[in-house]
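> Sequence below, structure please.
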Amino acid sequence: MRPRMHRSRPLPLLALLCGSLPAALLPGCAGARLGPTGEQAAGPLPATRVIAPFEVYKGSGETYAYPFLGGFNMPRPQLLDIDADGDQDLFVQERPNAIMFFERNNAAEGPVWTWRSDKYEALDVGEWYRFADLDGDGDFDLLAEQPYSHMRYYKNVGTAREARFAHAADTLRDAEGAPVFSDRQNIPNVTDIDCDGLPDLFIGRIDGTVMRYEATATEPIPVFEVVTENFEDIRIVAQFGQPGLPAPAALPNIPGDNEIFMNDGPSPGRDLFAEDARIRPDPLHGANTMTFADIDGDEDQDLFWGDFFEPGLLYIENTGACARPRLRATPVPFPVNDPLQSSGYNAPSFGDLDADGDMDLLAGVLGGAFNPNKTAQSNLYMYEQQGDEQFTLRTTRFLDQIDVGSDSYPVLVDLDADGDEDLLVANKISAEDGRGATMAYFENANGAYRPGKAPAFFPAYHYAPAFGDLDDDGDLDLLLGTWNDGIAWYRNEGAPDAPNFVLQQRGFIRLTRGSHATPVLVDIDGDDDLDLFAGETSGTINFYRNAGTAAAPVFEFVSDNYADIDVGRRSVPVFVDADRDGDADLIVGSEQEGLLLFRNEGNRTTPRFGEREPLPYETPEAAVPAFGDPDGDGRLELVLGGYSGGLLYFDGP
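Here you go, the predicted model:
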């Protein structure tokens, strides 16, 4: 038997497979049914990225504006008018080598940012990017990281209204021909600080100082010379702090959370910001970002600094004049009237976000020394300026979307047995208490998804649920993969339309090696009971054959290197009839290799999987696929989770 859904469930995807052909001509059509994620589904693989395929509601009763945007963990925003239409568009980098683009349109109800691309102009930007007019022709060029720590230059060979970028140099060079370096964890900036018509380049260094370069030539490639290695004697090497804020706490031992860019140091101090600051022998300083903006309207550029060890944003006022900058004031937390407070390492950008004629603040929180897990969901802060440099926090989730923190794990399953697919989204860890993963539940209600009460499980990191009828009683039971607790078994002691999952055995399956168990149940050999596959950290696939029965499964270990499949790291297997030949093909999500297809070159009873075929999706890190038909249109769709905690949605062809 296969994992059982409600017995009256319609079979839209099955029709795509079996359609008008007799069942005898397509092995598996007779008696097949569309099951939850992991069981065989059929149809052409989905291809079209969609941000809002249907309405998804929040607990407040409002809908998400960008439900399937993909999530943010480290958003790096920049506001600028890329199409010269008089308003500021938005760019956001969340992952390496890709800039998201949102076009600004002013509607009657206010500004609207329309998603246009996950990878603007197909530009590879490394770990950071910065748009600026580097050649003085009135349009925006682009600087980006050339791994590792060089500065790549893209020249805008289009126009101010229709930008088009050409890769012009792998690295900028100074007047002596030496490469200009920017440490890859630090985001530099460009402005004309002295109003002489030539761009100035500023690079924050890991010792807390700022280097200033000025262009000596702009064509064909900008050439910069060092003006000073210690701009305005700025030295930011310890937490400035804000009244009432705690010092950085030790990060918990959570998988993946301690991989951070910073130098070693002691607990932070509160000095070191004046010109004559005395440097401690063991300064604490980490990654940094900076930007310039004339926030006080005096026609010169003020400096804003975000730092790994700074819980807020620092403001250094330019007290000089346009042609004679002077930035030697003591940094103060910003906004002055209501300082930004986050987990640290804040990346600011200024622009008129509400079309009222003044500059507002948009700040991405990259996550620093103050428990970055706390801002894994809420990390794009918008402050509205309300006159005379008074700012009010409007939202911490400016591009509102489904975001469960980090490592989203979606499952499409008819949890209430009403004939349509609901959506469960697990994660790595709770942003509230950090004690274990959480689960979000969205019920499919007449084509819209509304939040409901999710099942509760024992505390563990990295929930990975797999549903199937393990006792042959007509309702869905559950296997729950975890980070380091193996796979647990929960029996449904409720009803098909009102499940009650009760833990039967916490260590039901222990992997022979590795962690991050990602189970999937499927009848792989056509003997009418459920077999078990599980991905894990090392990238291979574990296989356990059901040597029992449909009502009393006994999962016998066969291999921890099934079919010699290895996807590098973090394997997540699902079974889909991708080529519509009546047997289950294998698609595996991975940490860095995207989605990989292994076609079943055997049949329903004797599978044999071929060579890997990369699927043409731009996937997040730690990709987790879930195939199904959430919109009920009879076509196969893909919901994709990943590292950033959100979801991507691909519609059927």
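
> Any stretches of the protein with poor pLDDT?
Within the chain, the stretches with pLDDT under 70 are 1-43, 237-286.

> mind listing the helices for this protein?
Listed in chain order, the helices of the chain (DSSP state H) span 12-18.

> Identify the residues contacting residue 435.
When the contact criterion is CB atoms under 8 Å, 6 or more residues apart in numbering, the partners of residue 435 are residue 459. To be clear about C-beta, it is placed using only N, CA and C from the backbone, and glycine gets the same treatment.

> For residue 459, see how far away it is.
Residue 435 sits at a distance of 5 Å from residue 459 (criterion: CB to CB, to the nearest Å).

> Ok, residue 226 next?
In terms of CB to CB, residue 226 sits 54 Å off from residue 459.

> And these two? Which one has more around it.
Higher neighbour count among residue 226 and residue 459: residue 226, with 15 against 11, using other CB atoms under 10 Å.

> For that one, which non-adjacent residue is spatially closest?
Of all residues not flanking residue 226 in the chain, residue 213 sits nearest, at 5.7 Å (CB to CB, 6 or more residues apart in numbering).

> shouldn't the one you found be in contact with residue 175?
No. In this structure residue 213 lies outside contact range of residue 175 using CB atoms under 8 Å: 9.4 Å.

> Can you get me a residue count around residue 388?
Count around residue 388 with other CB under 10 Å applied: 9.

> Residue 306 now?
Residue 306 has 28 neighbouring residues, counting by other CB under 10 Å.

> Can we start the residue count at 93 from this point?
Got it, first residue is 93 now, which makes that one residue 398.

> list the contacts for it?
Taking CB under 8 Å, 6+ apart as the test, what residue 398 contacts is 380, 381, 382, 405, 406, 436, 437, 438, 439, 440, 455, 458.

> Show me the strands in the stretch 243-392 of the chain, by range?
Under the criterion DSSP state E, counting those that start in this stretch, strands of the stretch 243-392 of the chain are mapped to 257-261, 265-266, 281-283, 292-296, 302-309, 315-320, 380-385.

> For residue 710, which of those strands is the nearest?
Ranking the strands of the stretch 243-392 of the chain by their distance to residue 710 (criterion: CB to CB) puts strand 257-261 first, at 18.5 Å.

> Point out the other helices and strands that that closest one packs with.
The helices and strands touching strand 257-261, judged by 3 or more CB pairs under 8 Å, 6 or more residues apart in numbering; DSSP states H and E, are strand 242-248.

> what's the closest residue to residue 317 other than its chain neighbours sitting at in phi/psi?
Nearest residue to residue 317 in three dimensions, chain neighbours excluded: residue 267, at 4.0 Å (CB to CB, 6+ apart). When read as degrees, to the nearest 10, the backbone of residue 267 gives phi -60, psi -20.

> tally of neighbours for residue 267?
Neighbours of residue 267 under the rule other CB under 10 Å: 14.

> Quick check: it touching residue 319?
No. Between residue 267 and residue 319 there is no contact under CB under 8 Å: 11.0 Å.

> contacting residues around the closest residue in space to residue 700 that isn't next to it in sequence?
Of all residues not flanking residue 700 in the chain, residue 694 sits nearest, at 3.5 Å (CB to CB, 6+ apart). Going by CB under 8 Å, 6+ apart, residue 694 touches 675, 700, 701.

> Which of the residues you listed sits closest to residue 579?
Nearest to residue 579 among the contacts of residue 694, counting by CB to CB, is residue 701 at 22.0 Å.

> Give the bridge partners for that closest one, please.
Going by DSSP bridges, residue 701 is paired in beta bridges with residue 692.

> For it, the count of nearby residues, please.
Here the number of neighbours of residue 701 (other CB under 10 Å) works out to 19.

> Repeat that for residue 144.
As a burial measure, residue 144 scores 16 neighbours (other CB under 10 Å).

> I'd like the distance between the nearest residue to it once chain neighbours are set aside and residue 534.
Closest residue to residue 144 apart from its sequence neighbours, by CB to CB, 6+ apart: residue 159 at 5.7 Å. Residue 159 sits 9 Å away from residue 534, going by CB to CB.

> any residues in contact with both of these two?
residue 148.

> buried residues in stretch 210-219?
210, 212, 215, 216, 217, 218, 219 (16 or more other CB atoms under 10 Å).

> for the second one, what are its contacts?
The neighbourhood of residue 212, defined by CB under 8 Å, 6+ apart, consists of 183, 190, 191, 192, 193.

> my read: the third one touches residue 174, true?
The reference is to residue 191. No. Judged on CB under 8 Å, residue 191 makes no contact with residue 174 at a distance of 10.7 Å.

> shared neighbours, the two?
Counting by CB under 8 Å, 6+ apart, the residues touching both residue 191 and residue 174 are residue 183.

> Buried by neighbour count, from the contacts of residue 398: which ones?
Buried subset of the contacts of residue 398 (neighbour count, 16+ other CB under 10 Å): 380, 381, 382, 405, 406, 436, 437, 438, 439, 440, 455, 458.

> quick one: terminal-to-terminal distance for stretch 395-410?
End-to-end distance for stretch 395-410, by CA to CA, to the nearest Å: 7 Å.

> and if you look at stretch 631-645?
Start and end residues of stretch 631-645 are separated by 26 Å (CA to CA).

> For it, list every residue counted as buried.
631, 632, 633, 634, 635, 636, 637, 638, 642, 645.

> Show me which of those is closest to residue 671.
Residue 671 lies nearest to residue 633 out of the buried residues of stretch 631-645, by CB to CB, at 19.6 Å.

> What's the local residue count around residue 255?
Neighbourhood size, residue 255 [other CB under 10 Å]: 20.

> was I right about it contacting residue 175?
Yes. Using CB under 8 Å, residue 255 is in contact with residue 175, at 7.4 Å.

> The residue nearest to residue 318 and residue 524, how far apart?
For residue 305 relative to residue 524 (CB to CB), the value is 45 Å.

> neighbour-wise, which of the two wins?
Neighbour count, other CB under 10 Å: between residue 305 and residue 524, residue 305 has more, with 24 against 10.

> which residues touch the more buried one?
Counting by CB under 8 Å, 6+ apart, residue 305 makes contact with 266, 272, 292, 293, 294, 295, 316, 317, 318, 319.

> now the last one: how far from residue 283?
Spelled out, it's residue 319. 13 Å.

> before we move on, what about the fifth one?
Separation of residue 294 from residue 283 (CB to CB) stands at 7 Å.

> Mutual contacts of these two, please.
Jointly contacting residue 294 and residue 283 under the rule CB under 8 Å, 6+ apart are residue 384.
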